[in-house]
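In: predicted structure and sequence below. I'll ask about it afterward.
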There are 2 protein chains.
Amino acid sequence: MTRPGGRSARVRDAVHEAVVDLLAAGQIDAAIPKIAAHAGVNPTSIYRRWGSRDHLLVDAAVTRLRTTSPIPDTGSLRGDLAGWAEGVERSMRDRHGQVLLRALVATMAPDEEPIEYLKARGDDLQRTLDAAAARGEPVPSVDEVLDFVLAPLYLRVLFRRPVEPGIGARLVERLLTAL
Amino acid sequence: MTRPGGRSARVRDAVHEAVVDLLAAGQIDAAIPKIAAHAGVNPTSIYRRWGSRDHLLVDAAVTRLRTTSPIPDTGSLRGDLAGWAEGVERSMRDRHGQVLLRALVATMAPDEEPIEYLKARGDDLQRTLDAAAARGEPVPSVDEVLDFVLAPLYLRVLFRRPVEPGIGARLVERLLTAL
């Protein structure tokens, strides 16, 4: 997707795009010079901006996975979560989404700090839940949304179980029924 | 754990043990000769038995993860699932369990066949659910058990969120309440 913000944003998008392309091509171990060449940028600008291949990979994966499943503002929590979950479901059925999720998990060494990824997702969700609460709707916690909706979708991809059409919306119904 | 069955079983246990030790020591890429040396067996017997490092790694991870969280027979579905979930919770808080889960996920290439691991777990669970149904208890589907209990526990480890004490039993209660 295109993003505003001039040259810096264009470089970021080009580099993210290169990472996704190389991962989708099975080149999980592509080093920064190769990524830079594929993106048509100078390797030094990648080192300067991201510091390491792992940081770049996580940033690219988080950005892509978030932007492919934004949380809509439909006026009801059910609609917001269903719209989001359908986006997640779609990206989990898409090869790019699958390789990014795998790369994200594989890149996280067991001893690192908790990954920013779910935190960023959690912040998006918290805003949606706060808005619903302000409308007087009963709302789950972010952890409940992750447990009921995101975890089952991600586990299907990580363990290569089929992502059934409509599963995202069904998981949201399960969550709201449990409230 | 020890397993009956003479030399063949001892070799299997020694090799599995070596895989777990090397992974826990951060040697994710240890090749078969190194694993064989660590296990004190001949590399050819590893190649003959498992064919490839990936098959060995998946077999070792599946065996360990299953044996560290057996499903007890307590006479009630709630007790069976809670006992199992507490075992999974424990192994997900244990460094060996964490590295094995990560190695299992990382080893599965996106294009491979659906992994046997969840199938093996699913068969264990199905037997427990069938026994409960035969006692006249209301039972969930295996997919519901995986979605409600296993997925949230595994996602915590894969994304390095804390595995809260008692979360396993709470997830089982959530599942049974939803029935």
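Out: Received the coordinates, thanks. Numbering: from 1, shown residues only, chains lettered A, B, ... in the order given.
In: CA atoms for contacts and neighbours, from now on please.
Out: Will do.
In: which stretches of chain A form strands?
Out: For chain A, no strands are identified by DSSP state E.
In: distance of A:A85 relative to chain B?
Out: Using Cα to the nearest Cα, to the nearest Å, one obtains 15 Å as the distance from A:A85 to chain B.
In: ok, A:G136 next?
Out: 24 Å.
In: what's the neighbour count on that residue?
Out: Look at A:G136: counted by other Cα atoms under 10 Å in any protein chain shown, it has 9 neighbours.
In: how near is it to A:D143?
Out: 20 Å (Cα to Cα, to the nearest Å).
In: phi, psi of A:N42?
Out: Main-chain dihedrals, A:N42, degrees, to the nearest 10: phi -80, psi 130.
In: and the residue nearest the centre of chain A, what does it touch?
Out: Nearest residue to the geometric centre of chain A (Cα atoms, centre = their mean): A:L65, 2.4 Å. Each residue near A:L65 by Cα atoms under 8 Å, 6 or more residues apart in numbering or on different chains is listed here: A:V88, A:S91, A:G97, A:L100, A:L101.
In: going by distance to A:A151, which of these wins?
Out: When the contacts of A:L65 are compared for distance to A:A151 (Cα to Cα), A:V88 wins out at 11.1 Å.
In: burial of A:R95, as a residue count?
Out: A:R95 has 14 nearby residues by other Cα under 10 Å.
In: hmm, A:A24 and it touching each other?
Out: Yes. In terms of Cα atoms under 8 Å, A:R95 counts as a neighbour of A:A24; the distance is 7.0 Å.
In: which residues touch the closest residue to A:A18 other than its chain neighbours?
Out: Closest residue to A:A18 apart from its sequence neighbours, by Cα to Cα, 6 or more residues apart in numbering or on different chains: A:A39 at 5.2 Å. Shown in contact with A:A39 (Cα under 8 Å, 6+ apart): A:A14, A:V15, A:E17, A:A18.
In: reformat these into TSV and put pLDDT, neighbour count and distance to A:R49 next to each item.
Out: Compiled in TSV, those are given as follows (pLDDT from 0 to 100; neighbours: other Cα atoms under 10 Å in any protein chain shown; distance: Cα to Cα, whole Å):
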residue	pLDDT	neighbour count	distance to A:R49
A:A14	95	19	13
A:V15	95	24	11
A:E17	92	18	16
A:A18	94	20	15
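In: looking at the residues you listed, which are in helices?
Out: Secondary structure from DSSP state H places A:A14, A:V15, A:E17, A:A18 of the contacts of A:A39 in helices.
In: give me the neighbour count for A:V11.
Out: 17.
In: no wait, A:V149
Out: Neighbourhood size, A:V149 [other Cα under 10 Å]: 29.
In: find the nearest non-adjacent residue to it, please.
Out: Closest to A:V149 by Cα to Cα, 6+ apart is A:L171, at 5.3 Å.
In: per-residue pLDDT of that neighbour, please?
Out: Per-residue pLDDT puts A:L171 at 98.
In: go on, the one 4 residues further on?
Out: Per-residue confidence (pLDDT) for A:L175: 97.
In: which stretches of chain A form helices?
Out: Secondary structure of chain A (DSSP H): helices at A:6-24, A:32-39, A:43-50, A:53-67, A:77-93, A:95-107, A:116-134, A:142-145, A:151-158, A:167-178.
In: in TSV: those helices, plus distance to B:R7.
Out: Shown next, in TSV, are the helices of chain A (distance: least, Cα to Cα, whole Å):
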stretch	distance to B:R7
helix A:6-24	43
helix A:32-39	48
helix A:43-50	51
helix A:53-67	43
helix A:77-93	44
helix A:95-107	35
helix A:116-134	46
helix A:142-145	47
helix A:151-158	35
helix A:167-178	47
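In: nearest to B:P165, of those?
Out: helix A:142-145 (15.0 Å).
In: wait, does that closest one contact chain B?
Out: No. Helix A:142-145 is not in contact with chain B by Cα under 8 Å from any Cα of the partner chain; minimum separation 9.4 Å.
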